[in-house]
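In: How does the following fold in three dimensions:
(one chain, ligands or ions: 1)
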Amino acid sequence: MVSYFPDWATTVGKMLAVQDGRGHKHVMVMCDTCKEARDVDLAAIVETKGADFSLINRRARCRLTAGCKGWNRFRYQSGVMRPLWTDRQADGWIELEWQIRKRGFEARQRAAEVLRESRPPKPRR
Ligand SMILES: [Zn+2]
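Out: The predicted structure is shown next:
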């Protein structure tokens, strides 16, 4: 697969190596719901996941705001902050969320049917 991300953005080890401490080529995590954003602690990720770990197409439940149910996704700086995920991955995330919502809707529908069926018959005079 040909990556459309710059080579330095493909692993956390490479990201850490190009950082110059003046805020250039930095990496941020942002929440799609609470809109919080923070610099990514690349050294900490290299420490726990290894230098070859990639942030491309990764997301996690929000860790920026307590109680937020949003998704945290990563961006890299190339002039401006750019998404660290592919359109294809974003489509996959949308599809997944749609499936989850659909399952929830179907479960509520089934529950409503069960309630209707188990309702006691109307008292007769
Ligand atoms: Zn959030």
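In: which residues are there in the chain that come within reach of the ion?
Out: 31, 33-34, 62, 65, 68, 70 (Cβ under 5 Å from the ion). C-beta here means a position set from N, CA and C on the backbone, and glycine is covered the same way.
In: hmm, who's touching stretch 40-55?
Out: With contact meaning Cβ atoms under 8 Å, 6 or more residues apart in numbering, stretch 40-55 is reached by 10-16, 19, 26-29, 74, 84.
In: Distance from the longest helix seen in the chain to the middle of the chain?
Out: Counting residues, the longest helix in the chain under DSSP state H turns out to be helix 87-118. Offset of helix 87-118 from its chain centre (Cα atoms, centre = their mean, to the nearest Å): 19 Å.
In: pLDDT of that helix, averaged?
Out: On average, the pLDDT along helix 87-118 is 91.
In: do the same with stretch 33-45
Out: Averaged over stretch 33-45, pLDDT sits at 94.
In: Which of the residues in the longest strand seen in the chain are classified as buried?
Out: What stands out as the longest strand in the chain, according to DSSP state E, is strand 71-78. By neighbour count with 16 or more other Cβ atoms under 10 Å, strand 71-78 contains the buried residues 72-76.
In: Now do the same for residue 38: helix, strand or coil?
Out: strand (DSSP: H, G, I helix; E, B strand; the rest coil).
In: now it, which residues is it bridged with?
Out: residue 29 (DSSP bridges).
In: which residues touch it?
Out: Listed by Cβ under 8 Å, 6+ apart, the contact set of residue 38 reads 28-29, 64.
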